[in-house]
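# task: produce atomic coordinates for the following.
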Amino acid sequence: MPTVRRIVHEFLERRGLTTIFGNPGSNELPFLADLPEAFRYVLGLHEGVVVGMADGYAQATGRPVLVNLHAAAGSGNAMGALTNAVYSRSPLVLTAGQQVRSAIGLEAMLANVDSPQLMRPLVAWSGEPATAGDVPRSVAQALFEAELHRRPTYLSVPYDDWGQEVDESASVTLDRTVRRGSQPSEFQLAELVARFEAARNPALVLGGEIDAAGLFDRVVALAEHRSLPTWVAPSPYRLPFPNRHELFRGVLPAGIAAVSDALAGHDLILVLGAPVFRYHQHVPGAYLPAGSHLVQVTDDPGAAARAPMGEALVADPGAVVEALIARTSSRPTPRSFKPNPEPATAPSALHPEQVFAALRETQPEDTVYVVESTSTNAAWWRQMDLRRGGSYFFPASGGLGFGLPAAVGMAMGRPDRPVVAVVGDGSANYGITALWTAAQYGVPVTFVILRNGTYGALRWFGQLLGTPDVPGTEIPGLDFTRIAEGYGVPATTVTGVEELRAELKTPGLRLIQVDTFPTSPE
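Next up is the predicted model:
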């Protein structure tokens, strides 16, 4: 008679979920016993880092990833990082060990009372099998729900279930498939094309779904096909359009009135693969400029339903892009790119623009950048020249701790491309133990830590809110080179541009600490 563990291991292997990111406790050991040789267990030293690495791996590969957490405490530790995975729509399958069934009601140590409720506000689906025999089916449901919704799911499993024998009927789970079809109808396409053709001054707004779906080059073709001014939706977690292209108008601001002002003059605003919109700072006003109409195309029903304005089509954005290219009149624009300006300088330390110019000039064109330095956003977009899909990743919900672990996961998922993490000194502390995993698994990430001794974005927000004099915005005395060396990562500090360029040309795993001048996100 097969065991629950054997059936689940075989199901996961058939579905390609053979890389497990985790930090195990006693409740998880029975699941991890007898792992087949095809499996790889990636150990993180904190559950937030574990989820961050899995998030990066899922975004890099486009496939579901298995995460193994420890009971309620480990699940709680993971929840901050989980907020980023939710909004990046990463299909993580989170499993957590539960106490033995007979001890849950007693609230024994490591019992997760009413475990599905713990993660339910965040995940697409959460559950705990009613019987040991239902574990294989529940694992399959957790995977299929993650794939269908492109969001994390959560399954708590009592640890005495794994060794239970099940009859052969449990093996029917092994052959299951669940697919989703979301092609727009011919009527919907024709209607959208007609509206687009009739528009006097249409514009594109693109979101992370475009890059995640591999449509980077196709939306460039669409923009050039009709000479369309193109923005990226506020708070982008991926870059869906080359940022120095002549049709690129920048990242939309994250305030209601500011978005409306930026889009003024366009009668049709076509939003592809983005929520409408991910606002941040509260700047009230009209949602759209006068005379404008908005049409959103997304495969995320939740994003379509919660938008405050416009029309929404829940469908594959790729099909819409292809229809617009094929069926609309063409006024092609030559493909050209704007040169980067000379980098700004600072009275002391390096200006972030100097750091980013050095990256642009020394790193290969296919470099993957994982960025978590909010206060340097304006400098980043001025100095970088990103022309390939899958080149830029940012924490989708703004939760700190994404940068270092996600870069490790990215490098594991895309070993064919170099990976650079650009992280502020405030953010770095939230995911610092990812350095240990990078060293232990030989992951060749270049970690660039921008050290300015402040929470720069927080100080900027203080000015915006009229609360400039608050405690807790200064973080002096940090030396990440000593921390990195303790985790086994070679590290150095640089103070000049030429020294930085030389270090950036050195291959392999390393951390470069750069003292930078504090700047504003805008």
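
# I'd like the mean pLDDT over stretch 239-248, please.
For stretch 239-248, the mean pLDDT works out to 96.

# now do the end-to-end distance for it.
One end of stretch 239-248 sits 12 Å from the other (C-alpha to C-alpha, to the nearest Å).

# same question for stretch 96-106.
Stretch 96-106 end-to-end distance (C-alpha to C-alpha) = 19 Å.

# tell me which residues in that stretch are buried?
Buried residues in stretch 96-106, defined by neighbour count with 16 or more other C-beta atoms under 10 Å: Ala96, Gly97, Gln98, Gln99, Arg101, Ile104. Where C-beta positions appear, they are placed from N, C-alpha and C, glycine not excepted.

# stretch 324-340 now?
Leu324, Ile325, Thr328, Asn340.

# still on that earlier bit, farthest pair within the buried residues of stretch 96-106?
Ala96 and Arg101 (14.8 Å; C-beta to C-beta).

# least trustworthy helix or strand in this structure by mean pLDDT?
Lowest mean confidence among the helices and strands of the chain (mean pLDDT, DSSP states H and E): helix 456-465, at a mean of 62.

# quick one: name whatever helix or strand follows that one.
Sequence order places helix 480-487 as the next helix or strand after helix 456-465, per DSSP states H and E.

# what pairs with the helix or strand just after that following helix, parallel or antiparallel?
Toward the C-terminal end, the helix or strand that comes next after helix 480-487 (DSSP H and E) is strand 491-494. Paired strands of strand 491-494, with direction, are strand 510-515 (parallel) (DSSP bridges).

# relative to helix 480-487, how tilted is the strand it pairs with?
160 degrees (axes from the mean of the first three to the mean of the last three C-alpha atoms, to 10 degrees).

# from Ser227, how far out is the residue nearest the centre of the chain?
With distances taken as C-alpha atoms, centre = their mean, the residue of the chain nearest its centroid is Ser88 (4.2 Å). Note on Ser88: its distance to Ser227, by C-beta to C-beta, to the nearest Å, is 31 Å.

# and if you look at Leu509?
44 Å.

# same list (the buried residues of stretch 96-106) but as CSV, adding distance to Leu400 and pLDDT.
Below are those laid out as CSV (distance: C-beta to C-beta, whole Å; pLDDT from 0 to 100):
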residue, distance to Leu400, pLDDT
Ala96, 23, 96
Gly97, 27, 95
Gln98, 29, 93
Gln99, 32, 93
Arg101, 37, 93
Ile104, 34, 91
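
# count the residues that sit near Asp217.
Applying other C-beta atoms under 10 Å, we find 12 residues neighbouring Asp217.

# wait, what's in contact with it?
Residues near Asp217 by C-beta atoms under 8 Å, 6 or more residues apart in numbering: Gly389.

# also Ala60?
Counting by C-beta under 8 Å, 6+ apart, the residues that Ala60 touches are Val368, Gly390, Gly409, Met410, Met412, Gly413, Arg414.

# neighbour-wise, which one of these leads?
Highest count within the contacts of Ala60 by other C-beta under 10 Å belongs to Gly409, 35 neighbours.

# for Cys38, give me its contacts.
Careful, residue 38 is Ala and not Cys. Glu13, Thr18.

# does it count as helix, strand or coil?
Look at Ala38: counting by DSSP: H, G, I helix; E, B strand; the rest coil, its state is coil.

# distance check, it against Thr19.
Taken as C-beta to C-beta, the span from Ala38 to Thr19 is 10 Å.

# and the lengthiest helix in the chain, average pLDDT?
Ranked by number of residues, the top helix in the chain under DSSP state H is helix 71-87. Averaging pLDDT along helix 71-87 yields 96.

# packing partners of that helix?
Applying 3 or more C-beta pairs under 8 Å, 6 or more residues apart in numbering; DSSP states H and E, we find helix 71-87 packed against helix 47-61, strand 65-69, strand 92-98, helix 115-119.

# surely Gly390 is in contact with Tyr369?
No: using C-beta atoms under 8 Å, Gly390 makes no contact with Tyr369, being 10.0 Å away.

# now do the contacts for the residue nearest to the centre of the chain.
Contacts of Ser88 by C-beta under 8 Å, 6+ apart are Asp55, Gln59, Gly208, Tyr237, Arg238, Ala396.

# can you report phi and psi for the fifth one?
Backbone dihedrals for Arg238, given as degrees, to the nearest 10, come out at phi -140, psi 160.

# what bridges to it?
Phe393.

# what does Leu155 give?
Thr95, Gly127.

# what does the pLDDT read for it?
98.

# make residue 1 into 36 and carry on from there
Sounds good: first residue 36 from here, last item Leu190.

# now do the same contact list for it.
Leu190 touches Val128, Leu129, Thr130, Ala131, Ser161, Gly162, Glu163, Pro164, Ser173, Val174, Ala177, counting by C-beta under 8 Å, 6+ apart.

# same thing with Arg273?
Taking C-beta under 8 Å, 6+ apart as the test, what Arg273 contacts is Gln94, Ser123, Gly243, Ile245, Asp246, Ala247, Gly425, Tyr427, Phe428, Phe429.

# circling back to that earlier point, could you give the angle of the longest helix of the chain to helix 82-96?
30 degrees.

# okay, helix 106-122 in PDB with CA atoms only?
The C-alpha coordinates for helix 106-122 follow below in PDB (Å, rounded to 0.1, in the frame of the first residue of the first chain):
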ATOM      1  CA  ALA A 106       3.500  25.600  11.700                       C
ATOM      2  CA  ALA A 107       1.800  28.900  12.800                       C
ATOM      3  CA  ALA A 108       5.000  30.700  13.900                       C
ATOM      4  CA  GLY A 109       6.800  30.000  10.600                       C
ATOM      5  CA  SER A 110       3.800  30.900   8.600                       C
ATOM      6  CA  GLY A 111       3.500  34.200  10.500                       C
ATOM      7  CA  ASN A 112       7.200  35.000   9.800                       C
ATOM      8  CA  ALA A 113       6.500  34.500   6.100                       C
ATOM      9  CA  MET A 114       3.500  36.800   5.800                       C
ATOM     10  CA  GLY A 115       5.400  40.000   5.300                       C
ATOM     11  CA  ALA A 116       7.200  38.600   2.200                       C
ATOM     12  CA  LEU A 117       3.900  36.900   1.200                       C
ATOM     13  CA  THR A 118       2.300  40.300   0.500                       C
ATOM     14  CA  ASN A 119       4.900  40.900  -2.300                       C
ATOM     15  CA  ALA A 120       4.200  37.500  -3.800                       C
ATOM     16  CA  VAL A 121       0.500  38.100  -3.800                       C
ATOM     17  CA  TYR A 122       0.800  41.300  -5.800                       C
END
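
# that one to strand 127-133, inter-axis angle?
Comparing the axes of helix 106-122 and strand 127-133 via the same axes, to 10 degrees yields an angle of 170 degrees.

# quick revisit: now for the buried residues of stretch 359-375, which pair is the farthest apart?
Thr363 and Asn375, at 32.1 Å, using C-beta to C-beta across the buried residues of stretch 359-375.

# okay, now the unreliable bits of the chain?
368, 490-500, 507-508, 510, 555-557 (pLDDT under 70).

# what separation do you get for Ala120 and Gly308?
Distance of Ala120 to Gly308, computed by C-beta to C-beta: 18 Å.

# likewise for Asp169?
Per C-beta to C-beta, Asp169 is found 36 Å from Gly308.

# neighbour-wise, which of those two wins?
Gly308 (29 against 17).

# for the more buried one, what are its contacts?
So Gly308 contacts 241-245, 247-248, 250, 275, 332-334, 352 (C-beta under 8 Å, 6+ apart).

# just the closest of the contacts of Ala95 to Val294, please.
Using C-beta to C-beta, the contacts of Ala95 come closest to Val294 at Gly425, 26.1 Å.
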